[in-house]
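[1] next comes the sequence, and after it the predicted model I'd like to discuss.
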Amino acid sequence: MTHQGCKHLREFKSTDGTGSYRILVSYFVACSSTEARKRKAKSCICHSCRVISARLHSCLSCVYFGCYGGNDHIKQHATTKRHNFAVDLSHGAVFCFLCKDYIYDAEFDEILAMSRKASKQSIGLDKTCQPWEPSCIEKELMQLHPKRRKVTEYSTIGLRGLINLGNTCFMNCIVQALTHTPLLRDFFLADKHNCLMLNESQRCLVCEMSRLFQEFYSGVRTPHTPYRLLHLVWTHARHLAGYEQQDAHEFLIAALDVLHRHCKGNNGLSKSNPHHCNCIIDQIFTGGLQSDVTCQKCNNVSTTIDPFWDISLDLGPPPNSLLLNPALYGAFEQPTSLMSCLKRFTRPEHLGSSAKIKCSKCHSYQESTKQLTMKKLPVVACFHLKRFEHSTGYHKKISTYVEFPEELDMTAFMSSSRSNNNGYSNQVVHLTANGLTSQHKYSLYAVVNHRGTADTGHYTCFIRQHKNQWFKCEDHLITKVDLKDVLRSEGYLLFYHKQILEYE
Amino acid sequence: MSDDRRVRDAQMRATINQKLVETGERERLKELLRTRLIECGWRDQLKAHCKEVVRQKGLEHVTVDDLVSEITPKGRALVPDTVKKELLQRIRTFLSQQSNI
């Protein structure tokens, strides 16, 4: 089938032109004005049986709409009137009754594409999902590399153990979590990183991540030795250098920081404008945390929004100062689930008399309440359960079981759900909770665990592969596990990926 | 009685359809559906199935009508429940906002 139509259509175009097709498309297939939409709503029925049908066609030669299939009124019309072309009003395709099939004409296709674009813009659908079509360069590349790898449900590609280089399990488990972050994997496997570290790409951590993804997805099954990565981490994050045991959370934050800086190259761009970054790390990990401080005297609310990469959640009992106030104690019980941790995190907190803040409205130092909520959700939500307490003189680990779900809904913790009379009407809350049910939903894809004490121990990691397969990574060992093993584990770092992504 | 009801149902359906078209909501719903079906792999599955049908019948002997009749049952069955639910929810929300239905 070619894009040149058929000889019948070519004849038709030479005598009648494309005008009638153009009008049909802009009024009945892809409307771009309210007037056109109204007309379409009223008149799109079969002229013979007066029924709304899914495959309504319009004659291209006269004003006649008829159903296709069933009663086939459009076919009857074509036969009796010898009008040989009909346009499918839901898709804009042209049917030739002489060829008895739909035909494709480049000129008509172009008219249709233009109308579709205008139509989408008119109803605010500028950013839509476009299925991937290979470009010329990509087609060439694929011809040059004819070997294909098909990923099936059972393929283990992407799973690879990592050799422990001397207490480096803290690094290995974070590497496993990062290499199994869907959006990050797509970025690196699509070769999207353009190194800006002039003449120094050997020192670029993003380039090293890129190589690491190649190693993970090469299909090699022997464990990988991440010595180059370790060396780069040592040179760029000096506090992590040496063969000491380190905190996996500290490593994650340091790694994200270095990756973020290296995305910008080494020309210091990030320092001049740290808030307007759209590097891959920021696109995936950065969320916005809203802090509302309410003055107790005049009820003035001052709002600030800060970016975050992870959320650290308290697990311990309330601080001593609050224990003295029994009225507040109930609200500060030791959390037993991720949900209760998040509730505690986003609950309004009274800042006592020792922490008076100058109110910008009544210009006096007043006691106030502070509440944190999610202004912008990141694509990957990374929760850090604060299991390690380091006070002067003692180190303690809190090993309480904290229940966490496979699927997490963040709607309740959004700034738009904040329950007060501060400009958020109930209707807005109602709509967000009701209409867009899956907009704020996340799925668990990696869990980092620590066993041992605050001073010494070992890190392991659970990662999700494909849709619902879980694996445990312990340095060079990888074993298949059940989801319930994951959910039953202690949990130190929890990685959730957003289920629905917006198109940009 | 039941005839009466059938007529009223048909009228209601026509009114709802008209509202959906007039406001552009029908296009928005279609776009949402298209997006979700691409995301969940439905489109790829159906494409593969179409290719299979074309291969079996031979490129020169297959018409769009043949494809439609072969693919439609499978296509309907493969739409995930979550997608149907989301669309139904959207239609409900839309209708609840229309005062004059």
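    Received, thanks.
[2] show me the contacts for residue A:32.
    By CB atoms under 8 Å, 6 or more residues apart in numbering or on different chains, the contact list for residue A:32 reads A:26, A:115, A:118-119, A:121-122. The C-beta positions use only the backbone N, C-alpha and C, and glycine is treated the same way.
[3] mind checking the SS state of it?
    Recorded secondary structure, residue A:32: coil (DSSP: H, G, I helix; E, B strand; the rest coil).
[4] do the same with residue A:472
    Classification of residue A:472 by three-state DSSP places it in strand.
[5] what do you get for residue A:147?
    From three-state DSSP, the assignment for residue A:147 is coil.
[6] number of residues surrounding it?
    Number of residues near residue A:147 (other CB atoms under 10 Å in any protein chain shown) recorded here: 4.
[7] phi, psi for it please.
    When read as degrees, to the nearest 10, the backbone of residue A:147 gives phi -70, psi 120.
[8] show me what counts as buried in the helix or strand containing residue A:214.
    Assigned by DSSP states H and E, residue A:214 belongs to helix A:205-216. Residues of helix A:205-216 classed as buried: A:205-210, A:212-213, A:216 (neighbour count, 16 or more other CB atoms under 10 Å in any protein chain shown).
[9] please apply the same query to stretch A:53-72.
    For stretch A:53-72, by 16+ other CB under 10 Å, it's A:53, A:56-61, A:64-68.
[10] sorry, back to before: tabulate the buried residues of helix A:205-216 (JSON lines), appending distance to residue A:139 and pLDDT.
    Shown next, in JSON lines, are the buried residues of helix A:205-216 (distance: CB to CB, whole Å; pLDDT from 0 to 100):
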{"residue": "A:205", "distance to residue A:139": "33", "pLDDT": "92"}
{"residue": "A:206", "distance to residue A:139": "28", "pLDDT": "92"}
{"residue": "A:207", "distance to residue A:139": "27", "pLDDT": "92"}
{"residue": "A:208", "distance to residue A:139": "30", "pLDDT": "93"}
{"residue": "A:209", "distance to residue A:139": "28", "pLDDT": "94"}
{"residue": "A:210", "distance to residue A:139": "23", "pLDDT": "93"}
{"residue": "A:212", "distance to residue A:139": "28", "pLDDT": "94"}
{"residue": "A:213", "distance to residue A:139": "23", "pLDDT": "94"}
{"residue": "A:216", "distance to residue A:139": "27", "pLDDT": "92"}
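[11] columns distance to residue A:157 on top of the residues you listed, output as a markdown table?
    Compiled in a markdown table, those are given as follows (distance: CB to CB, whole Å):
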| residue | distance to residue A:157 |
| --- | --- |
| A:205 | 24 |
| A:206 | 22 |
| A:207 | 22 |
| A:208 | 21 |
| A:209 | 18 |
| A:210 | 17 |
| A:212 | 15 |
| A:213 | 12 |
| A:216 | 8 |
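[12] phi, psi for residue 59 please.
    Because you didn't say which chain, this covers chain A. The phi/psi pair for residue A:59 (degrees, to the nearest 10) is phi -70, psi 140.
[13] so it makes contact with residue A:66?
    Yes - contact status for residue A:59 versus residue A:66: in contact at 7.4 Å, counting by CB atoms under 8 Å.
[14] overlap of the contact sets of these two?
    Overlap of the contact sets of residue A:59 and residue A:66 (by CB under 8 Å, 6+ apart) consists of A:74, A:77, A:86.
[15] now those: which count as buried?
    Buried members of the shared contacts of residue A:59 and residue A:66, scored by 16+ other CB under 10 Å, are A:74, A:77, A:86.
[16] biggest separation within the buried residues of stretch A:53-72, which pair?
    The span of the buried residues of stretch A:53-72, defined through CB to CB, is set by A:53 and A:61 at 20.5 Å.
[17] ranges for the helices of chain B?
    For chain B, the helices defined by DSSP state H cover B:2-23, B:25-39, B:42-57, B:64-78, B:81-97.
[18] so the longest one versus helix B:25-39, what angle?
    This points to helix B:2-23. In this structure, helix B:2-23 runs at an angle of 80 degrees to helix B:25-39, with axes from the mean of the first three to the mean of the last three CA atoms, to 10 degrees as the basis.
[19] again, but for the fourth one
    Between helix B:64-78 and helix B:25-39, the angle formed by their directions is 80 degrees, by the same axes, to 10 degrees.
[20] where does the residue of chain A most remote from its centre fall, phi/psi-wise?
    No residue in chain A sits farther from the centre than residue A:80, which is 55.3 Å out by CA atoms, centre = their mean. Here is the backbone geometry of residue A:80 (degrees, to the nearest 10): phi -70, psi -40.
[21] and for the one 10 residues further on?
    For residue A:90, the backbone dihedrals are phi -90, psi -20 (criterion: degrees, to the nearest 10).
[22] now do it against residue B:26, distance only.
    Computed as CB to CB, to the nearest Å, the residue A:90 to residue B:26 distance reads 10 Å.
[23] give me the low-pLDDT residue ranges for the chain?
    Using chain A here. The model of chain A has pLDDT under 70 over residues A:1-3, A:265-276, A:318-333, A:392-393, A:419-437, A:504.
[24] actually chain B
    For chain B, applying pLDDT under 70 flags the ranges B:1, B:100-101.
[25] what parts of it come near chain A?
    Taking CB under 8 Å from any CB of the partner chain as the measure of proximity, chain B contacts chain A at B:13-14, B:17-19, B:21-24, B:27-28, B:31, B:34-35, B:38-39, B:43, B:59, B:63-64, B:82, B:86, B:89-90, B:93.
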